[in-house]
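*Asks:* pasted the sequence and its predicted model underneath.
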Amino acid sequence: MSAGPNAEGAARALPAWAQELVELYESNAASQFLIAGNVFDRMLVSSATAPRLGSLRDFLLDVMMPRFDVVLSYDLGNGIRIEKGSSVFATWPQYKDGQALPKTPRAAIETLTHYFRYCANLVRLNQKALQVGCIIHGADLLVPATQGAPDYDTGALITLIRDWANDSLLAGHALATFLITENINDLHPLIANNPRCARIKIPLPPPAELEMACRLLAPQYPAALGAVAEEAANTAQQLSGATLGAVESLFKAREYARQKLTAGDLSKLKKQIVEQDCAGLIEFVETKRTLENLYGLDEAKTWLRQDVALWLKNDVAALPKGYLICGPVGTGKTYLAECLAGEAQAPVVKMKNFRDKWVGSTEGNLEKIFRLLHALGRCYVFVDEADQALGRRTGSSGDSGVSGRVYSMLAEEMGSSENRGKIIWILASSRPDLIEVDLKRPGRVDVKIPLFPTATAQESFDLIRALCRARGLEISKEQFDKLQSLVPLLMTPGAAEALAMKVYRLVRTSSTTALDALRTCLTDYQHPVAPDVMQFQIQLAVQEASDIKFVPQAFLPLRQAH
């Protein structure tokens, strides 16, 4: 396999995944490659002609296989196509020039196999060795992941495709086969787990590649790029996490509208195009809050500020890989995650519902999410209701093992040492006892911060006052003595927020004062969470705390009792 006319110089310019592929092929370590990941994106194609953006097919043909004698491709829609070397292919006795090549899967794969064997036998007869490449587009549609044993035709396809890598006659001559799929989990495991098939993952484009693309596209879109092209490096950095295809579409739309793309647009536009590319699997959480916006939690805020300081200095050795924020419902777990991310000035990615009813789709969705996280460089990943989202070590019998596979994929990703200081996980749950122990152990979740409701009437009153003040309602602290008997204990920020809104509504819809409205609302107040549930979730939070300093004095007896 050659990387263009000047193989040595071009190889140095190849993306890492392509260079790995070349090395495996040239060393005879592999001849079949399962290419997954960002396979539908535009790519920088540098060949004998001018650099351009093209598809993965263009990259394989023009950059990876420019000196191959014959390159064939197959997909379910188009059947077998001769991409290169039609005159050489026409010398195959079984093929007559102009005849239609098979389109149905079984016949097409058998035809390809016969041709590969024919070329291998030419070498045995001391005739010219032909260097042959074959690209299978949509391999997951050809041999999809299924439950149970494959049917007869699927089994035959799997056997033939595996033979391309396993059969010594085929693997021993100049044959390179490429199986293209977006997600490895969408492909039948007998193909995906073939030890003789090398896995090559194409990541989302790194900033350096985005920068080259910006410079390449600048002459084509002068109205859109303008000054932005002069700062291509900064532009690329701000667009990290986006695909080249989405970036090119953005440039086209702005050029058509004659709208100049300014640096201020990039952050907002990046969120839009990344969320579109991920098809609703994630969303960016925008926040202007910092830890200053948090009420109380002094010990936790001190710890978090120290972590942020290390993060900003890129001193990652002592940074946690993840946080667990636990506590009763309504204690502000999501709010704390937003404040932490705002303090660190880092993007917050919230994982949405990635589960799907189709076999392999859930795991494929997770693959997409992981690709995005790696491309973003540095970010927080927020998983709400983590006890439900993260799966179980042993899945239930009714989910075909999906829960167990989700657990395994997340455990591997969260525990990766390469992600320390780059991807920080924030898990939130009111039932941390339902999260698998292995997922919340040190090395995956290093810091566990408990959140609690108020422990005294004074704390409850101060919280209510602060939330009323935010709505323009002033209640003096001296009024506490008059209301003390009505102020409830164990009030969460969520419950206090609802109470403050009720007070505000009463003031705005009647002639009552803020103090009288608060008295009325407190008289009718009922805890939104049953007392036994609240006590149980408080005890769980106390037990989970990674540092005793995070637990208020009033709740310490619960830790000692445990």
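*Replies:* Received the coordinates, thanks. Residues are numbered from 1 along each chain as shown.
*Asks:* show me what contacts the residue lying closest to Ile548 once chain neighbours are set aside?
*Replies:* Once flanking residues are discounted, Ile548 sits nearest to Arg559: 6.9 Å by Cβ to Cβ, 6 or more residues apart in numbering. From N, CA and C alone the C-beta is placed, and that goes for glycine too. Applying Cβ atoms under 8 Å, 6 or more residues apart in numbering to Arg559 gives the contacts 542-543, 545, 548, 551.
*Asks:* JSON lines please, covering those residues and showing distance to Cys379.
*Replies:* Formatted as JSON lines, the contacts of Arg559 follow (distance: Cβ to Cβ, whole Å):
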{"residue": "Val542", "distance to Cys379": "30"}
{"residue": "Gln543", "distance to Cys379": "30"}
{"residue": "Ala545", "distance to Cys379": "26"}
{"residue": "Ile548", "distance to Cys379": "30"}
{"residue": "Val551", "distance to Cys379": "29"}
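*Asks:* and those residues, which are buried?
*Replies:* 542-543, 545, 551 (16 or more other Cβ atoms under 10 Å).
*Asks:* which one of the residues you listed is nearest Leu463?
*Replies:* Val551 (18.4 Å; Cβ to Cβ).
*Asks:* residues contacting that closest one?
*Replies:* 450, 452, 542, 545, 559.
*Asks:* kindly reformat these as JSON lines containing secondary structure and pLDDT.
*Replies:* Formatted as JSON lines, the contacts of Val551 follow (DSSP: H, G, I helix; E, B strand; the rest coil; pLDDT from 0 to 100):
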{"residue": "Pro450", "secondary structure": "strand", "pLDDT": "94"}
{"residue": "Phe452", "secondary structure": "coil", "pLDDT": "93"}
{"residue": "Val542", "secondary structure": "helix", "pLDDT": "94"}
{"residue": "Ala545", "secondary structure": "coil", "pLDDT": "93"}
{"residue": "Arg559", "secondary structure": "helix", "pLDDT": "75"}
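*Asks:* now for those: which two are most distant?
*Replies:* Phe452 and Arg559 (11.9 Å).
*Asks:* report the buried residues of stretch 332-344.
*Replies:* Those would be 332-344, for stretch 332-344 by 16+ other Cβ under 10 Å.
*Asks:* helices of the stretch 251-400 of the chain, start to end?
*Replies:* 263-277, 298-312, 333-344, 361-376, 386-389 (DSSP state H, counting those that start in this stretch).
*Asks:* pull out the buried positions in stretch 286-303.
*Replies:* Those would be 287, 290-291, 294, 296-297, 300-301, 303, for stretch 286-303 by 16+ other Cβ under 10 Å.
*Asks:* again, but for stretch 130-148
*Replies:* Buried residues in stretch 130-148 (16+ other Cβ under 10 Å): 130-140, 142-145.
*Asks:* just the ones in strands from those residues, please.
*Replies:* Among the buried residues of stretch 130-148, the members falling in strands (DSSP state E) are 132-136.
*Asks:* ok, so of these, who is nearest Phe89?
*Replies:* Of these, the one sitting nearest to Phe89 (Cβ to Cβ) turns out to be Val132, at 9.2 Å.
*Asks:* how near is that closest one to Lys96?
*Replies:* 19 Å (Cβ to Cβ, to the nearest Å).
*Asks:* okay, now the domains of the chain?
*Replies:* According to automatic domain parsing, the chain comprises the domains 7-202, 207-277, 285-450, 457-523.
*Asks:* what about Thr235, how many residues nearby?
*Replies:* Around Thr235 there are 23 other residues, counting by other Cβ atoms under 10 Å.
*Asks:* typo on my end, Arg405
*Replies:* 18.
*Asks:* same check on the one 4 residues further on?
*Replies:* If you count neighbours by other Cβ under 10 Å, Met409 ends up with 18.
*Asks:* select the longest helix from the protein.
*Replies:* helix 105-124 (DSSP state H).
*Asks:* which residues of the stretch 401-550 of the chain fall in strands?
*Replies:* 423-429, 447-450 (DSSP state E, counting those that start in this stretch).
*Asks:* which neighbours in the sheet does the first one have, and how are they oriented?
*Replies:* Spelled out, it's strand 423-429. strand 322-326 (parallel), strand 379-383 (parallel) (DSSP bridges).
*Asks:* what does the last one give?
*Replies:* According to DSSP bridges, the neighbouring strands of strand 447-450, each with its direction, are strand 322-326 (parallel).
*Asks:* how far off helix 298-312 does the strand it pairs with point, in degrees?
*Replies:* For strand 322-326 against helix 298-312, the angle by axes from the mean of the first three to the mean of the last three Cα atoms, to 10 degrees is 160 degrees.
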